[in-house]
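Chemist: Predicted model and sequence follow; I will ask about them next.
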Amino acid sequence: MLSTRLANLIDGRLQAPVDDHWLDVYEPATGAVFAQCPDSTAADIHAAVKAAQKAAPTWAATPVETRASLLHKLADLIEARLDAFAELESRDSGKPVALAKRLDIPRAVSNLRFFAAAIIGWESESHAMEGGAINYTLRHPLGVVGCISPWNLPLYLFTWKIAPALASGNAVVAKPSEITPCTAALLGELSIEAGFPAGVLNIVQGRGPTTGQAIIEHPAIKAISFTGSTRTGASIAATAAPRFKKVSLEMGGKNPAIVFADADLSEENLDTIVRSGFANQGEICLCGSRLLVQHSIYDSFRERYLAKVQALRVGDPQQASTDLGALVSREHFDKVMHCIEQARKEGGRVLCGGGELKLDGRCSEGWFIAPTVIEGLSNDTPTNQQEIFGPVVTLIPFEDEAEAIAIANGTGYGLAASLWTQDLSRAHRLGAQLEFGIVWINCWLLRDLRTPFGGSKQSGVGREGGVEALRFFTEPRNICIRY
Ligand SMILES: NC(=O)C1=CN([C@@H]2O[C@H](COP(=O)(O)OP(=O)(O)OC[C@H]3O[C@@H](n4cnc5c(N)ncnc54)[C@H](O)[C@@H]3O)[C@@H](O)[C@H]2O)C=CC1
Ligand SMILES: O=C(O)/C=C/C=C(\O)C(=O)O
C-alpha cells in the first residue's frame, strides 16, 4: 500500500530520490500536508533513462498480444481498486470522490484498455504503384519517450499518455504533476504486480523546471507528450526544437459554448451546459468558460442558467452530495481569485459567486471558490481572453451567426467549442467555421477515444487519441519494392 512518502519507479523498483529531497503534497479540501513526493533531479532522470534504454529493444520486439495483455492486467488491477483510487485522487486534487469514481478512474482504465485493443488492430499501410512497384510502411517504436502530465485529471491524463507509448513498443519515462503525484505512484506499484518488465515504465516524481526539464533535455528521449499550460508548452517546444525531438503539446483553452435561440434547452441539456463550465471546478482544458447566448433568449436563459449554477453544491469532496470540491492548490486558488477581481475591475457584473467559500469543520482551511458567473464584458477584455481554469464563466450575448463566429473565434486559443442548436444546416455550417480542434454539437465531453484530440493556435501542436497517438509514438519507414 501507499506510504506517506511516495517513491519513484525506476528499473522495476520503487526508489527514493538520489538526493533524498522531498516535496509536501497537500490535501486541497483541508489545506493540510498528507504525503511527500520525491523532488527528483537530473540524476534520477538519468537512472530512469538508462533503465529504459536497456529495456527498450526487448519491449519493442515483444509481441503486441503480450504488450496488450500487460496493459489489460494493469487496467484490471486499477479497476479492482476503484474506490481506493477515487479516494486518493480526490484527496490529492480536491475533486469530489464521486466524480473521480464516475469519471477519472474509469477513464484511466478505459485508456489502458483502449490502447491495448488499438495496437492489436493497427495495420501497416501499403501503396501499390501502377508502374510495377509496391510500398509498405513499417512503424518502429521510437525507443525511449517522455510523458509529462498535469494536475487537473491526474490519472486520466497520465494513462492517456503512457498507454499509447507503451502499446506501440516504447519504454517510458513519465512525470506526473508534483501537485497531484499520488495515483500515478500507486499505478507504478501495480505495474510491478502486473508484470511489466523492469525499465519499460519508469515514473519519476518531481518539479517541472528540474525533473521535467531534465526529461526534455535528455538526448536519449526521442519524443515528449505534454499536457499543461501554454507557457510551459512553449518552453518545452523551445528546448525540444534544436534537439529535433518530436513533441505533442496539449495546452490551454478559452472555449466558447454557443447557445442559439433554437436550441433544445431541456433540463438535461441545460445541465450539460452548466457542467461544461463547472465540472471538476472548471479545471478541465475543455470547459466552456465563455458562454455565448443569442440575444433573443438571453434574459430567460440567464435566469434558468443562474438558478442551476446557484444550486451547485460546493463542499467536502468526500461527501456524496458534493458537486464541486476545492481548487487544486493555494497558488491556483489565488490565481482564480485574482482573475475574479480583475473581471470586476474591467466592469464585469458578478451575477453569482464571486469569491471564496468558507466551509465548516474538516474543510475550514480548504481552497473553495463559489461557482461564479459574470456578464457585461466584451470579448476582448483580459477576462475573456485569458485561461482562468476555475469555476468562472462569462456570459456574452450575440445577435446572429456571423457575430457568434467572430466572438467564438476571437481568441488566441483553439481547443474546443460546443454549439447548441436544432438547425442541422447551421450545425454543419458553423462546425466547419469554428477554429477549434474539437467541436461538440448539442453535447460536451462526449468522448470517443478513436477521434483526434487536441487544438490549434495556443492550445496545441499535434493530436492525441486513436491512431494519431500510435503514429506520434512511432517512426515510419517506407519500403519501396520494384517488381
Ligand atoms: N491541460 C491544460 O490545459 C492545463 C492547463 N493548466 C493551466 O496552467 C496553469 C498553471 O498550472 P501548472 O501546474 O503550473 O501547469 P504546468 O504546465 O506548469 O504543469 C504541467 C506539467 O508540466 C510540468 N512542467 C512544468 N514546467 C516544466 C518544464 N520546464 N519542463 C518540463 N515539464 C514541466 C509540471 O511539473 C506538470 O507535470 C493553470 O492555472 C492552468 O491555467 C494547468 C494544467 C492543465
Ligand atoms: O481526453 C479527454 O477526454 C480530456 C482531456 C482533458 C485535458 O487534456 C485537460 O483538461 O487538460
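Modeler: Arrived safely, thanks for sending. Ligands and ions are numbered 1, 2, ... in the order given.

Chemist: Show me which residues of the longest helix seen in the chain are buried.
Modeler: Counting residues, the longest helix in the chain under DSSP state H turns out to be helix 42-61. Going by neighbour count (16 or more other C-beta atoms under 10 Å), the buried part of helix 42-61 is 42, 44-45, 47-52, 54-56, 59-60. Any C-beta I mention is one placed from the backbone N, CA and C, and that applies to glycine too.

Chemist: of these, closest to ligand 1?
Modeler: I45 (10.7 Å; C-beta to the nearest ligand atom).

Chemist: Chain neighbours aside, what residue packs nearest to the closest one?
Modeler: A214 (4.0 Å; C-beta to C-beta, 6 or more residues apart in numbering).

Chemist: Tell me which helix or strand the one you found sits in.
Modeler: Per DSSP states H and E, A214 falls inside helix 213-217.

Chemist: now what about that helix, what contacts it?
Modeler: 41-42, 45-46, 146, 148, 173, 175, 204, 221, 224, 236, 239-240, 243, 245 (C-beta atoms under 8 Å, 6 or more residues apart in numbering).

Chemist: Which of the residues you listed sits closest to ligand 2?
Modeler: I148 (11.9 Å).

Chemist: okay, now the closest one: neighbour count?
Modeler: Neighbour count of I148, defined by other C-beta atoms under 10 Å: 26.

Chemist: Return the set of residues that bridge with the nearest residue to it once chain neighbours are set aside.
Modeler: Once flanking residues are discounted, I148 sits nearest to F226: 4.7 Å by C-beta to C-beta, 6+ apart. On the basis of DSSP bridges, F226 takes part in beta bridges with I148, L249.

Chemist: Please report the distance of F226 from ligand 1.
Modeler: 6 Å (C-beta to the nearest ligand atom, to the nearest Å).

Chemist: Surely that residue and K245 touch.
Modeler: No. Between F226 and K245 there is no contact under C-beta atoms under 8 Å: 11.0 Å.

Chemist: quick one, which of the two is more surrounded?
Modeler: F226 (28 against 21).

Chemist: In contact with the more buried one, which residues are there?
Modeler: Contacts of F226 (C-beta under 8 Å, 6+ apart): I148, T232, G233, I236, V247, S248, L249, E250.

Chemist: restrict the residues you listed to contacts with ligand 2.
Modeler: For ligand 2, the contacts drawn from these by C-beta under 6 Å from any ligand atom are E250.

Chemist: Widest-spaced pair of the contacts of F226?
Modeler: Using C-beta to C-beta, the two most remote members of these are T232 and S248, lying 13.8 Å apart.

Chemist: Between the two, which has more neighbouring residues?
Modeler: Regarding T232 and S248, a neighbour count based on other C-beta under 10 Å identifies S248 as having more, with 23 against 20.

Chemist: Contacts only, for L415.
Modeler: Counting by C-beta under 8 Å, 6+ apart, the residues that L415 touches are 251-253, 255, 285-286, 436-438, 454-455, 459-460.

Chemist: do that again at 7 Å, thanks
Modeler: G253, N255, C285, L286, F436, G437, I438, G455, S459, G460 (C-beta atoms under 7 Å, 6 or more residues apart in numbering).
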